[in-house]
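**Student:** Turn this into a model:
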Amino acid sequence: MSDHRVHETEINLNNGARIGHLTLDNPAALNALRLDMVAAIQSAVERWEAREDVVAILIDADSDKAFCAGGDIVNLYRSAIGDADPDYPRRFFTREYRLCHDLHRLTTPCIAWGHGVVMGGGMGVFSGASHRVVTETTRLAMPEVKIGLFPDCAATWFFNRLPRYLARFIALTGVTLNAADGLFAGLADHAIPHAAKAEVIDALAATEDWSNPQATVAEVLGGIERGRPAATAGGARLAAHIDTIRKAAAGPDLATIVQRLSALAEAGDAWLAEAGASLAAGCPVTVHLIHRQLEVGCFFSLAEAVRTEFAMALQCCARPDLAEGVRALLIDKDRQPRWQFASVADVPTEYVDAHFEPPWAGPHPLEDLGPVDVSCKSVPSAVLRQDEA
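**Tutor:** Alright, predicted model coming up:
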């Protein structure tokens, strides 16, 4: 079975077991996830998880440029401006968030081959895999601050498992990470040259002992990684600038954190300067949403994180900043977004709070994932974690 943008095959192993293999094939959009692609991935993963003869899953892309550049934000934009189905955001995010949640909970080992661009929704799929492979061209990012959304697809969950200063820096600036950065931050597990992917598949196929599938996959990937030159294409810039980043990401309140991180725009290093400039030009509302995600979302279970993000996403789609950010970056490409609020200081607390209100009547569309006992809105600001100045 195969969707024309997601190819589904099975790899036969020497012992009669199988590996489920999904290949993303939407190259014109850098494999950005359309609704039909998400549905095809979800269907295949559910079926393979239920089968005893499927011992592992591999997700990759038929592209030299990208694993997956994100979600289908162009159709979200069209819906927001009235040119497409107004119910599209709800249908899309219901599927996408369920997929990202379920990937994190798979018992079947899942390999994500993160070659090239891995951003936004692509990071959601990549981060849900149990064995995350980066290559010499990998570029990881959650750059939603540039478009008026927020790091989603369970980013509330996986960012809160990074060191606090790294989560702030990566999420608030939308900075692009290379393979070495991904390994340093714990956002990737293996660095393997892209040219060795066929060798990985052959090695998995030749392995007969699958009594412990997770350990088997880790050993195969680790063995090939150890036998090849480093596929990190340079050192970890996060490590090289660790003191600068840690100090810039510290502060007693959001205003101080934003001021210090934005000041990196004047740094002598081009990579740090780009990160600081992106935050300074980014969506002020997104900055508040990220701060709430990191400061209060640390208490969430995976299900709570995904369900809260679902409400946030629909509220963003109903407000002007997302449409304006997508227009400026992808439609008109003038890179001059006119945000609803001029600065982070201008955003009212009640406006931020409203992003965490469910914009639907009745049960949560993702209710079966588990209860949400904590709300980003309901936790008083006094419990937010604080740094020393």
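**Student:** for stretch 205-215, what is the average pLDDT?
**Tutor:** What stretch 205-215 shows for mean pLDDT is 95.
**Student:** centre of the chain versus it, how much separation?
**Tutor:** Offset of stretch 205-215 from its chain centre (Cα atoms, centre = their mean, to the nearest Å): 29 Å.
**Student:** ok, which stretches of the stretch 51-200 of the chain are helices?
**Tutor:** Per DSSP state H, counting those that start in this stretch, the stretch 51-200 of the chain carries helices over the ranges 73-80, 88-104, 121-128, 155-159, 164-173, 179-185, 197-206.
**Student:** Would you agree A345 is in contact with L254?
**Tutor:** No - judged on Cβ atoms under 8 Å, A345 makes no contact with L254 at a distance of 9.2 Å. For the C-beta atoms, the positions are set from N, CA and C on the backbone; glycine is no exception.
**Student:** neighbour count winner among these two?
**Tutor:** The residue with more neighbours, out of A345 and L254, is L254; 19 against 10, by other Cβ atoms under 10 Å.
**Student:** Skipping adjacent residues, who's closest to the more buried one in space?
**Tutor:** H291 (4.9 Å; Cβ to Cβ, 6 or more residues apart in numbering).
**Student:** so what's the one you found up against?
**Tutor:** Residues in contact with H291 (Cβ atoms under 8 Å, 6 or more residues apart in numbering) are 172, 254, 257.
**Student:** Format the residues you listed as a markdown table; extra columns: distance to N15 and pLDDT.
**Tutor:** Listed next are these as a markdown table, based on distance: Cβ to Cβ, whole Å; pLDDT from 0 to 100:
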| residue | distance to N15 | pLDDT |
| --- | --- | --- |
| L172 | 48 | 98 |
| L254 | 55 | 97 |
| I257 | 53 | 98 |
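**Student:** Among those, which one sits closest to C316?
**Tutor:** L172 (16.5 Å; Cβ to Cβ).
**Student:** Number of residues surrounding the closest one?
**Tutor:** So L172, with other Cβ under 10 Å, has 27 neighbours.
**Student:** tell me the phi and psi of I19?
**Tutor:** For I19, the backbone dihedrals are phi -110, psi 130 (criterion: degrees, to the nearest 10).
**Student:** Please report how far it lies from P193.
**Tutor:** Counting by Cβ to Cβ, to the nearest Å, the separation of I19 from P193 is 20 Å.
**Student:** now G128
**Tutor:** Distance from G128 to P193, counting by Cβ to Cβ: 24 Å.
**Student:** what's the answer for F310, then?
**Tutor:** Distance, F310 to P193, using Cβ to Cβ: 38 Å.
**Student:** So for those two, which sits in the more crowded spot?
**Tutor:** F310 (25 against 18).
**Student:** need the contact list for that one.
**Tutor:** Counting by Cβ under 8 Å, 6+ apart, F310 touches 93-94, 97, 364-366.
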